[in-house]
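Novice: Attaching a predicted model along with its sequence, questions to come.
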Amino acid sequence: MEERYKIEFTTFLKNFKSHLSKHGLKNSIQKDYILKILFFSNEHLTAEQITEKVRNEYKVDVGIATVYRTMKFFED
């Protein structure tokens, strides 16, 4: 991963958290990692693929239902 993209993601994540806070919404580590997987993906991913990538790449326990809820949240 290029340094430039790390900086862009860091800024993106900071803005995302600020947006959540402004609207009284909660953030979670699972949302952060799901967002990171989507941000750096070059392809469309299914909820199952996202779940697998979060578990394998970041060793974070995330359930498929959490991924679906988070994807719905991002869509809204």
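Specialist: Sure thing, it's come through. Numbering: from 1, shown residues only.
Novice: Looking at stretch 26-37 now, give me its mean pLDDT.
Specialist: Across stretch 26-37, the average pLDDT comes to 92.
Novice: who touches it?
Specialist: Stretch 26-37 is contacted from outside by 9, 13, 16-17, 20-21, 45, 50, 53-54, 57-58, 60, 62, 66-67, 70-71, 73-74, using C-beta atoms under 8 Å, 6 or more residues apart in numbering. (C-beta placed from N, C-alpha, C; glycine too.)
Novice: buried set for stretch 19-34?
Specialist: Neighbour counts over stretch 19-34 (16 or more other C-beta atoms under 10 Å) mark 30, 31, 32, 33, 34 as buried.
Novice: In helices, which of the contacts of stretch 26-37 appear?
Specialist: Among the contacts of stretch 26-37, the members falling in helices (DSSP state H) are 9, 13, 16-17, 20-21, 50, 53-54, 57-58, 66-67, 70-71, 73-74.
Novice: out of those, which are buried?
Specialist: Looks like the ones in helices among the contacts of stretch 26-37 have 9, 13, 16, 50, 53, 54, 58, 66, 67, 70, 71 buried, using 16+ other C-beta under 10 Å.
Novice: Kind regards, and thank you for your time.
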